[in-house]
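# Build me a model:
(chains A and B)
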Amino acid sequence: MSGIDGLTRSPATTVFLSALVTALATGLGALPFAFARDVSPRVAAASNAVAAGLMLGASFGLLAEGERHGGGATFVGAVAGLALVLATQRLLGEHAVGVGTLRGAGARRVLLVLVVMTVHSFAEGVAVGVSFGSGGALAAAITIAIAVHNVPEGVAISAVLRSQGASVAACAGWSVFSSLPQPLMAVPAFLFVERFAAVLPYGLGFAAGAMVYLVLAELLPEAYEHEGSPRIALLTGLTTAAMLWFQQQL
Amino acid sequence: MLPSSAPLLGLLSLLAVGAAGAGSAAGARRPGLPGPLLGWAGASAAGLMLGVGYAVLSAGLERAPTAAALASAAGVATLHLVAGLRARRSGGAVDAPSAGGALVATAVHSAAEGIAIGGAMALGAPFGVLLAATLTLHNVSEGALLGAALRADGRTPGSAAAAATLARTPQVAAALAAFTLVAWRPEALPWVLGAGFGGLVYLVFAELLPESYQAIGRTGLALAVIAAAAIVALLGGSARAAAP
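Take a look at the predicted model:
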């Protein structure tokens, strides 16, 4: 259905704008880092520990949501996500990579996080689009939930970027960039709702598998290098629990 | 009156404690157990604990989100406080504790594990059995490390086994106490589940993962943890369905 006059938006435009808002909300995750000026190795380790907890909590939430749509599909998606990160890691290991002004191992880690978070945003875009196809109240609830859920994801991305010395603006920019698949996927998912709904558990599992691997193979080892394991355990344990609680409230 | 799974819980907890004693005796006899073996055991235990921990906390959050979250934070904070006190008493050498310090640390964190077992068993016998089996595996490798430390302190293998077993007895007591509390006051279940989760994740991030990274490297550890957690996820589906 198209808009009849200039004041009436088509449903597809509404879906696009709603998903765009959820993407922009990711940028809010950079705000806390405006108050942390110096990034010492210990602060970087703490940021990595916090990011690990947030990503682990988010992954648990994604797996639980995927299980509701289909446990087998979620498992297949998780294996695919794990395989993608392993392959990307191997590919990046053979080439010198850069992200903005970042170079070396830090840039490789940032790129991996960005790839994973961007890819997993496709699934979130599908969720927004499918919810609009299911009715207004559900659409509003899912859009608000994903927008709010994106803020700690932005914190996780910014924590990794900030630990490598990126500016707050760059953290916000890359965070929003990682969520741009949401408006891009929401509209086709809304227009072809039944086909896309079947893909959702694969996407959720994919994101979870990739994120858990990143946490274990990249973020935590980096954190342990510069901070004692009790403090890492405190930060990661608390943020994992907080993220799970937060998702339960949505 | 206690539910019929109480004797099973007692038996499983005792088996887990016995595993620590056996591991300690083996560690005292052969202090040089291969690091990679301990690393793989640690990574597998970490994955199993994360999988069970997630299921345990989710069950708590579904019942009373704020209570479960607060209890998990309290569980993490309590173990951190104990680790801090230990570090202060040993002059900051958390990673190379004395034999006596290791025994105290074992006693404290075994109590936290006990709460998790009791909570998991209150949630459903399959959960309890899975977690107790995981902790039994973990206790063998932890007992081996403790046994090596006790041997270096001049203890015989028999004495090392006895000390490790004794240090683990809070696990049985805490498991039965948590289980009894939930049977008496069912509204305490989210608190017990949250505290159990807090204890498990702290143990994973403070002890199992750092030790295993050194032994088997990042990629091996990540794959082992994910594989173990996936096993729990696959088994946990039916256990969750059976939970009250």
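
# Run through the residues of chain A sitting next to chain B.
A:60, A:63-64, A:67, A:71, A:75, A:78, A:82, A:86, A:209, A:212-213, A:216-218, A:220-221, A:224, A:228-234, A:236-238, A:240-242, A:244-245, A:248-249 (CB under 8 Å from any CB of the partner chain). Backbone N, C-alpha and C define where each C-beta goes, glycine included.

# at 6 Å instead, please
A:60, A:212-213, A:216-217, A:221, A:224, A:229-230, A:232-234, A:236-238, A:241, A:244-245, A:248 (CB under 6 Å from any CB of the partner chain).

# My assumption is that residue B:155 lies in a strand; please confirm.
No: under DSSP: H, G, I helix; E, B strand; the rest coil, residue B:155 sits outside any strand and is assigned coil.

# Buried residues, the strand or helix carrying residue A:124. List them.
Using DSSP states H and E, residue A:124 sits within helix A:104-134. Neighbour-count burial for helix A:104-134, counted by 16 or more other CB atoms under 10 Å in any protein chain shown, picks out A:106-133.

# got the buried residues for whatever helix or strand comes next after it?
Tracing the chain past helix A:104-134, the next element assigned as helix or strand by DSSP H and E is helix A:136-163. Buried residues in helix A:136-163, counting neighbours by 16+ other CB under 10 Å, are found at A:139, A:142-143, A:145-163.

# for stretch A:223-240, same thing?
Buried-residue list, stretch A:223-240, by 16+ other CB under 10 Å: A:223-224, A:226-240.

# now swap in stretch B:182-200 and tell me
In stretch B:182-200, counting by 16+ other CB under 10 Å, buried: B:182-183, B:188-200.

# CA atoms only: put it into CSV for me.
C-alpha atoms of stretch B:182-200 as CSV (Å, rounded to 0.1, in the frame of the first residue of the first chain):
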residue,chain,number,x,y,z
VAL,B,182,13.7,-24.8,48.6
ALA,B,183,11.6,-27.8,49.7
TRP,B,184,10.7,-25.8,52.9
ARG,B,185,10.3,-22.4,51.2
PRO,B,186,9.7,-22.8,47.4
GLU,B,187,9.7,-19.0,47.0
ALA,B,188,13.5,-19.2,47.8
LEU,B,189,14.1,-21.1,44.6
PRO,B,190,15.0,-18.0,42.4
TRP,B,191,17.4,-16.8,45.1
VAL,B,192,19.1,-20.3,45.2
LEU,B,193,19.3,-20.6,41.4
GLY,B,194,20.7,-17.1,41.1
ALA,B,195,23.3,-17.7,43.8
GLY,B,196,24.2,-21.0,42.1
PHE,B,197,24.7,-19.3,38.8
GLY,B,198,26.9,-16.6,40.3
GLY,B,199,29.1,-19.2,42.0
LEU,B,200,29.5,-21.2,38.8
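
# what residues does chain B put near chain A?
B:54, B:57, B:61, B:65, B:69, B:72-73, B:76, B:80, B:83, B:201-202, B:205-206, B:210, B:213, B:218-219, B:222, B:225-226.

# repeat that with 7 Å
B:54, B:57-58, B:61, B:65, B:69, B:72-73, B:76, B:80, B:83-84, B:94, B:197-198, B:201-202, B:205-206, B:209-210, B:213, B:218-219, B:221-222, B:225-226, B:233, B:237 (CB under 7 Å from any CB of the partner chain).

# returning to that earlier point: out of the residues of chain A next to chain B, which are inside strands?
Judged by DSSP state E, strands contain none of these.

# Sitting in helices, which of those residues do you find?
A:60, A:212-213, A:221, A:224, A:229-230, A:232-234, A:236-238, A:241, A:244-245, A:248 (DSSP state H).

# so where does the closest residue to residue B:159 other than its chain neighbours fall, helix or strand?
Of all residues not flanking residue B:159 in the chain, residue B:150 sits nearest, at 7.3 Å (CB to CB, 6 or more residues apart in numbering or on different chains). Here residue B:150 is covered by helix B:125-152, with elements defined by DSSP H and E.

# Enumerate the positions of that helix that are buried.
Here helix B:125-152 shows B:125-151 as buried, counting by 16+ other CB under 10 Å.

# How about the contacts made by residue A:24?
residue A:176 (CB atoms under 7 Å, 6 or more residues apart in numbering or on different chains).

# Are any of the residues of chain B next to chain A buried, and if so which?
B:54, B:57-58, B:61, B:65, B:69, B:72-73, B:76, B:80, B:83, B:94, B:197-198, B:201-202, B:205-206, B:209-210, B:213, B:218, B:221-222, B:225-226, B:233.

# Tell me how far the helix holding residue B:150 lies from the chain's centre.
Mean C-alpha position of helix B:125-152 versus that of the full chain (CA atoms, centre = their mean, to the nearest Å) differs by 7 Å.

# How about stretch A:243-250?
15 Å.

# Just the mean pLDDT for stretch A:122-134, thanks.
Mean pLDDT, stretch A:122-134: 74.

# In CSV, could you pull the C-alpha coordinates for stretch A:165-181?
Extracted C-alpha coordinates of stretch A:165-181, given in CSV (Å, rounded to 0.1, in the frame of the first residue of the first chain):
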residue,chain,number,x,y,z
GLY,A,165,42.1,3.8,21.2
ALA,A,166,39.2,4.7,18.9
SER,A,167,37.4,8.0,19.5
VAL,A,168,33.9,8.2,21.0
ALA,A,169,32.6,9.4,17.6
ALA,A,170,34.2,6.5,15.8
CYS,A,171,32.7,4.1,18.5
ALA,A,172,29.2,5.6,17.9
GLY,A,173,29.7,5.5,14.1
TRP,A,174,30.8,1.9,13.9
SER,A,175,28.1,0.9,16.4
VAL,A,176,25.4,2.4,14.1
PHE,A,177,27.1,0.9,11.1
SER,A,178,26.9,-2.6,12.6
SER,A,179,23.1,-2.2,12.9
LEU,A,180,22.4,-0.8,9.4
PRO,A,181,21.3,-4.3,8.1
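
# Could you list the buried residues of that stretch?
Under 16+ other CB under 10 Å, the buried positions of stretch A:165-181 are A:166, A:168, A:170-181.
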